[in-house]
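Asks: I'd like to go over a predicted model; first the sequence, then the structure.
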Amino acid sequence: MSRLVKIKPGQKVDLKKVSTLPPDDADKDVSAKLLKEWQVEFDELEDLFAFAAVKGLLINVQGMDAAGKDGACRRIFGMGNILTGRAVCFKVPTATELAHDYLWRIHKEAPARGEIVIFNRSHYEDVLVVKVHELAPAKDIELRYRQINDFERMLTENGVIILKFFLHISKEEQEKRLLRREENPRASWKLAAADWREREHWDEYQDVYEEALSRCSTEWAPWHIVPSDKKWWRDHQIVEVLIEHMRELRPGMEQFLEDLGVKRRAELAEWKAANLKPRA
Ligand code: ADP
């Protein structure tokens, strides 16, 4: 069983009490070996998932700047197949997006059945950055927690599995990563003055994250807190949760494909009987 923190519905989250580091008995080499094994299993499960097309899978990744959202998305994407997977990065909304309700741009990107979609940032920005910078009236933001839960419930009732991951890093680790980008000329493209500016709001961000994780972890769309100071442990944790969910679906997907095979064979036999003359 995965050891990362899955938040129970109604549970009050205190991020200061959750470690950003791997547990003492975690081992980088063991994780690397497991990830290799899971890669093979995931390939097969993903094919089944796409062919059976019974469910869609939405993987939502959130975290502070430099928490490793891009890296985690690359890792998950690297496990899969570009024919059945897609990643969407949600940026500052455009004028057209702002003219609609905040879920409009999100709903359009939700996965179809058989599809795996990774959200790199998401509708949660509308209760995170929007709250920290007061980009919408407080009374509107307050309504969004319920609206988000309703929206996610609607998606799950219509065949979408939702898994949400908060990449939890320490303030010290964020500083290290931002400084490393400055020191490494090949990573300079990632540098943004905004990242240092946003860092000044660290405590406010931790507060809005705690509120979002506490109020929007539901039975149908749980939040997981992923200790992310070490990238190898972050990847191990996320992929383990994914593979556990995909495994649970295996019997249903195999049964669906078997039934479909029987139906197709019967259709073919019927067509042949009606259209092909028996050989003399
Ligand atoms: P990233 O940091 O994800 O790699 P960017 O540097 O382009 O990519 O940052 C995207 C920015 O868009 C972030 O600062 C994020 O807070 C902002 N953003 C995303 N969604 C919203 C939103 N709904 N309202 C305001 N800002 C948003």
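Replies: That came through, no problem.
Asks: spell out which residues of the stretch 1-150 of the chain are next to the ligand.
Replies: 65, 70, 89-93, 121, 125-126, 129-130, 135 (C-beta under 6 Å from any ligand atom). (C-beta placed from N, C-alpha, C; glycine too.)
Asks: highest neighbour count among those?
Replies: Highest neighbour count within those, by other C-beta atoms under 10 Å: Asp126, with 23 neighbours.
Asks: number of nearby residues for the closest residue to that one other than its chain neighbours?
Replies: Of all residues not flanking Asp126 in the chain, Tyr102 sits nearest, at 4.5 Å (C-beta to C-beta, 6 or more residues apart in numbering). Residues lying near Tyr102 (other C-beta under 10 Å) number 20.
Asks: so how many other residues sit close to the closest residue to Arg199 other than its chain neighbours?
Replies: In space, Arg199 comes closest to Gln174 once its chain neighbours are excluded; the distance is 6.6 Å by C-beta to C-beta, 6+ apart. Using other C-beta under 10 Å, Gln174 has 21 neighbouring residues.
Asks: cool, Lys16 as well?
Replies: By other C-beta under 10 Å, neighbour count at Lys16 equals 7.
Asks: got it, and Lys8?
Replies: 11.
Asks: quick check: the residue of this protein nearest the ligand.
Replies: Nearest to the ligand, among the residues of the chain, is Glu125, at 3.3 Å (C-beta to the nearest ligand atom).
Asks: how much space separates the spatially closest residue to that residue that is not a sequence neighbour from Ile118?
Replies: Excluding the flanking residues, the one nearest Glu125 by C-beta to C-beta, 6+ apart is Phe90, at 6.3 Å. According to C-beta to C-beta, to the nearest Å, Phe90 and Ile118 sit 11 Å apart.
Asks: then Trp38?
Replies: Trp38 is 17 Å from Ile118, by C-beta to C-beta.
Asks: so for these two, which sits in the more crowded spot?
Replies: Ile118 (24 against 18).
Asks: where does the protein dip in pLDDT?
Replies: 1-4, 280 (pLDDT under 70).
Asks: at 80 instead, please
Replies: Scanning the chain with the threshold set as pLDDT under 80 gives 1-4, 80-83, 185-192, 277-280.
Asks: mind naming the longest helix for the chain?
Replies: helix 231-275 (DSSP state H).
Asks: check contacts around the nearest residue to Gly56 once chain neighbours are set aside.
Replies: Closest residue to Gly56 in three dimensions, ignoring its sequence neighbours and counting by C-beta to C-beta, 6+ apart: Pro111, at 3.3 Å. Contact analysis of Pro111 by C-beta atoms under 8 Å, 6 or more residues apart in numbering lists 56-58, 86, 117, 160.
Asks: surely Ile225 forms part of a strand?
Replies: Yes - assessed with DSSP: H, G, I helix; E, B strand; the rest coil, Ile225 lies in a strand.
Asks: contacting residues for it?
Replies: 4-5, 7, 13, 15, 18, 166, 168, 213.
Asks: out of those residues, which are buried?
Replies: Listed as buried from the contacts of Ile225 are 4-5, 7, 13, 18, 166, 168, 213; burial here means 16 or more other C-beta atoms under 10 Å.
Asks: the residue nearest to Arg199 contacts Gly63, correct?
Replies: No - applying C-beta atoms under 8 Å as the test, Gln174 and Gly63 come out as separate, 9.7 Å apart.
Asks: could you pull out the strands in the stretch 51-200 of the chain for me?
Replies: Counting by DSSP state E, counting those that start in this stretch, the stretch 51-200 of the chain has strands at residues 56-63, 85-89, 116-120, 160-168.
Asks: mind putting these into TSV with distance to Leu257?
Replies: Below are the strands of the stretch 51-200 of the chain laid out as TSV (distance: least, C-beta to C-beta, whole Å):
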stretch	distance to Leu257
strand 56-63	17
strand 85-89	20
strand 116-120	18
strand 160-168	18
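Asks: I'd like to know which of the ones you listed lies nearest to Glu267.
Replies: Nearest to Glu267, of all those, is strand 56-63, at 26.5 Å by C-beta to C-beta.
Asks: chain center to that closest one, what's the gap?
Replies: 2 Å (C-alpha atoms, centre = their mean, to the nearest Å).
Asks: helices or strands up against it?
Replies: helix 69-79, strand 116-120, strand 160-168 (3 or more C-beta pairs under 8 Å, 6 or more residues apart in numbering; DSSP states H and E).
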